[in-house]
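# the following block contains a protein sequence and its predicted model.
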Amino acid sequence: MKPGRAMRLVLLLSGTAALGMGVAGAFLPGLPTTPFLLIAAGCYARSSDRMYRWLLGHGRFGPPIKRLLAGEGLSMRAKLWSLGLAYTVLGLSAALWLQPPWARILLLALAVVKTYYLLFRLPTATSTTRPPDRK
């Protein structure tokens, strides 16, 4: 069932906002890229075939989305980068800004859950071939 016109507009705007956050995440440490791109892909799949095809065909963002949608998972390199950035941001937050012990314990629990999910639940892509660079 296709969503109505108003819902398609909401999904299109949400997908575009998620895409913007994903692009920002490619440049800002600590802000994830892939989850926002997956949200954008989901929103676009339900609202705009043209935007969905554009996102999946994008040279930089398309391949990891296609791998995840195909059930192949993330590359080990992407997983390790994600964990490294998360540990850095969570560690700095705990050391510099959080005073209550319960908040630090909560951050540690989040890091453990993220590590477990990335390493043991999410499949690891075996092929990390990249498309040729555009000139």
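Alright, I've got the coordinates.
# from here on, contacts and neighbour counts on C-alpha atoms
Fine.
# pLDDT below threshold where in this protein?
Low-confidence segments of the chain, defined by pLDDT under 70: 1-2, 29-30, 127-135.
# can I see the domain layout of it?
For the chain, automatic domain parsing gives the domain ranges 1-70, 73-135.
# of those domains, flag the one that's most buried.
Most buried of the domains of the chain, by mean neighbour count (mean count of other Cα atoms under 10 Å): domain 1-70, with a mean of 17.
# centre of the chain to it, how far?
Relative to its parent chain, domain 1-70 has a centroid offset of 10 Å by Cα atoms, centre = their mean, to the nearest Å.
# start the count at 39, not 1, going forward
Yep, numbering from 39; the last one is domain 39-108 now.
# gap between the nearest residue to residue 86 once chain neighbours are set aside and residue 90?
Using Cα to Cα, 6 or more residues apart in numbering and skipping residues adjacent in sequence, the residue nearest residue 86 is residue 50, 6.9 Å away. From residue 50 over to residue 90 the distance is 10 Å, taken as Cα to Cα, to the nearest Å.
# what touches both of those two?
Here residue 50 and residue 90 have residue 82 as joint contacts, going by Cα atoms under 8 Å, 6 or more residues apart in numbering.
# and the longest helix seen in the chain, what does it pack against?
Counting residues, the longest helix found in the chain (DSSP state H) is helix 43-65. Secondary-structure packing of helix 43-65 (3 or more Cα pairs under 8 Å, 6 or more residues apart in numbering; DSSP states H and E): helix 72-85.
# quick check: what element follows the helix it packs on along the chain?
helix 87-95 (DSSP states H and E).
# tilt between the helix or strand hosting residue 122 and helix 72-85?
Secondary structure assigned from DSSP H and E places residue 122 in helix 114-130. Calculated by axes from the mean of the first three to the mean of the last three Cα atoms, to 10 degrees, helix 114-130 forms an angle of 120 degrees with helix 72-85.
# alright, I will stop here.
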